[in-house]
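This is a predicted model, with the sequence first.
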Amino acid sequence: MPTDLSKLCVHTITTKPWSLDVAVDKYAAAGVAGISVWQDAATSVGLTQARRILEASPLEVVSYVRGGFFPNHSREERARALDKNRQLIDEAATLGAPLLVLVCGAEPRQPLAESRRQIQEGIESLIDHATSNGVKLAIEPLHPMYADTRSAISTLGQANDIAEAIDHPQVGIAVDVYHLWWDDRLEQEIARCGKNDNLYAFHICDWKVPTSDMLLDRGLMGEGCIDVPLIRSWVEAAGFRGYNEVEIFSNDYWAMEQDDFLARITDAYRAHS
């Protein structure tokens, strides 16, 4: 288990009721070392002010969330998605974020294989722009329950296939335990990331039992059925030395006093990560 908070990062969406300036101050005061910034948190204060807030803080900016949503029946809509992602890359660079996380999307009116082809094509189209801005791209596979519209990439194996086909150091993988804990090939696929040196992010939370909402009822580490320490041991064995990023969507936790919630996050991180 972690003995300190030096590798703890919190996503701004986790403490959604807090504005960016409040989140930055509260995280730093609690000893959190990193922050992953969601677009709404940055644009609500303006990118210039958001950068000032982040630069004045001891927190390391770990990633910007989220790009993607590449597949579409319409060529024009796919082109608009690429423009949107270029904008997000620009925003990440403005904030000093080295990584843009990609929730890759899916088009329910076409086969998943076609959506995956469009995802690969879309990511390849962004590489030059990402490289020139110093922003890496992380493919995040999502749980199969989101395969209709949120992501045609449901397993780490599928993400690895696409990353290997692209074969560019600007493109890697984000592993989120909420989406991947059920996969019986998870350990092998994480090791595969290690061999390719492309494991760029590691997100943690827990799957509550029973869960009341597939999107908005994530739990704190140790609150559900995910063996977070075991999966963390696999990513570390694969050579990952980055942050453990707490990313929790929860109506219950957003409704509570956020100072108390942040204290629970740090306690759970020490005890169950």
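Nice, I can see it.

now the helices for this structure?
Counting by DSSP state H, the segments of the chain that form helices are 20-30, 39-43, 47-55, 75-95, 112-133, 156-166, 177-180, 186-196, 228-237, 251-255, 258-272.

May I have the shortest one exported as PDB, CA atoms only?
Okay, so that is helix 177-180. The C-alpha coordinates for helix 177-180 follow below in PDB (Å, rounded to 0.1, in the frame of the first residue of the first chain):
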ATOM      1  CA  VAL A 177      -9.500  -0.200 -13.300                       C
ATOM      2  CA  TYR A 178     -13.200   0.600 -13.400                       C
ATOM      3  CA  HIS A 179     -13.400  -0.400 -17.000                       C
ATOM      4  CA  LEU A 180     -10.900  -3.300 -17.100                       C
END
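
can you list the residues that contact that helix?
By Cβ atoms under 8 Å, 6 or more residues apart in numbering, the residues outside helix 177-180 that reach it are 140-143, 155-156, 186, 203-207, 218, 226, 228, 231, 247. No exception for glycine: its C-beta is placed from N, CA and C like everyone else's.

Now that we have the helices of the chain, can you turn them into CSV and tack on mean pLDDT and mean neighbour count?
Below are those laid out as CSV (pLDDT from 0 to 100; neighbours: other Cβ atoms under 10 Å):
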stretch, mean pLDDT, mean neighbour count
helix 20-30, 98, 18
helix 39-43, 98, 18
helix 47-55, 98, 16
helix 75-95, 98, 17
helix 112-133, 98, 18
helix 156-166, 98, 20
helix 177-180, 98, 23
helix 186-196, 98, 18
helix 228-237, 98, 17
helix 251-255, 98, 15
helix 258-272, 98, 17
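
Nearest residue to the middle of the protein?
Nearest to the mean C-alpha position of the chain, by Cα atoms, centre = their mean, lies V101 at 5.3 Å.

right, and the helices of the chain - which one's nearest M214?
Nearest to M214 among the helices of the chain is helix 177-180; the distance by Cβ to Cβ comes to 10.1 Å.

Identify the residue nearest H129 in space, chain neighbours excluded?
Excluding the flanking residues, the one nearest H129 by Cβ to Cβ, 6 or more residues apart in numbering is R86, at 5.2 Å.

My guess is that neighbour contacts S125. True?
No. Under the criterion of Cβ atoms under 8 Å, R86 makes no contact with S125, lying 9.1 Å away.

Please identify every residue contacting each of the two.
Common contacts of R86 and S125 (Cβ under 8 Å, 6+ apart): none found.

hmm, back to that, the residue nearest to the centre of the chain: what's it in contact with?
When contacts are counted by Cβ under 8 Å, 6+ apart, V101 touches 36, 63-68, 138, 140, 174, 201.

mind redoing it with 10 Å?
Taking Cβ atoms under 10 Å, 6 or more residues apart in numbering, we find V101 in contact with 11, 36, 38, 62-68, 88, 92, 136-140, 174, 176, 200-201, 203, 245, 247.

measure it to I162 for me?
The gap separating V101 from I162 is 15 Å, by Cβ to Cβ, to the nearest Å.

what do you get for D83?
To I162, D83 is 21 Å away according to Cβ to Cβ.

Once you drop chain neighbours, what's closest to I231?
Residue nearest to I231 in three dimensions, not counting chain neighbours: V177, with 5.3 Å by Cβ to Cβ, 6+ apart.

Please save the CA atoms from the longest strand anywhere in the chain in CSV.
Using DSSP state E to define each element, the chain has its longest strand at strand 60-68. The C-alpha trace of strand 60-68 is given here as CSV (Å, rounded to 0.1, in the frame of the first residue of the first chain):
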residue,chain,number,x,y,z
GLU,A,60,1.9,18.5,-11.3
VAL,A,61,-0.6,18.6,-14.2
VAL,A,62,-0.8,15.0,-15.2
SER,A,63,-3.4,15.0,-18.0
TYR,A,64,-6.2,16.8,-19.8
VAL,A,65,-9.6,15.0,-20.2
ARG,A,66,-11.0,14.2,-22.6
GLY,A,67,-10.7,14.0,-26.4
GLY,A,68,-11.9,11.3,-28.8
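
hang on, R66 packs against A97?
No. Between R66 and A97 there is no contact under Cβ atoms under 10 Å: 11.5 Å.
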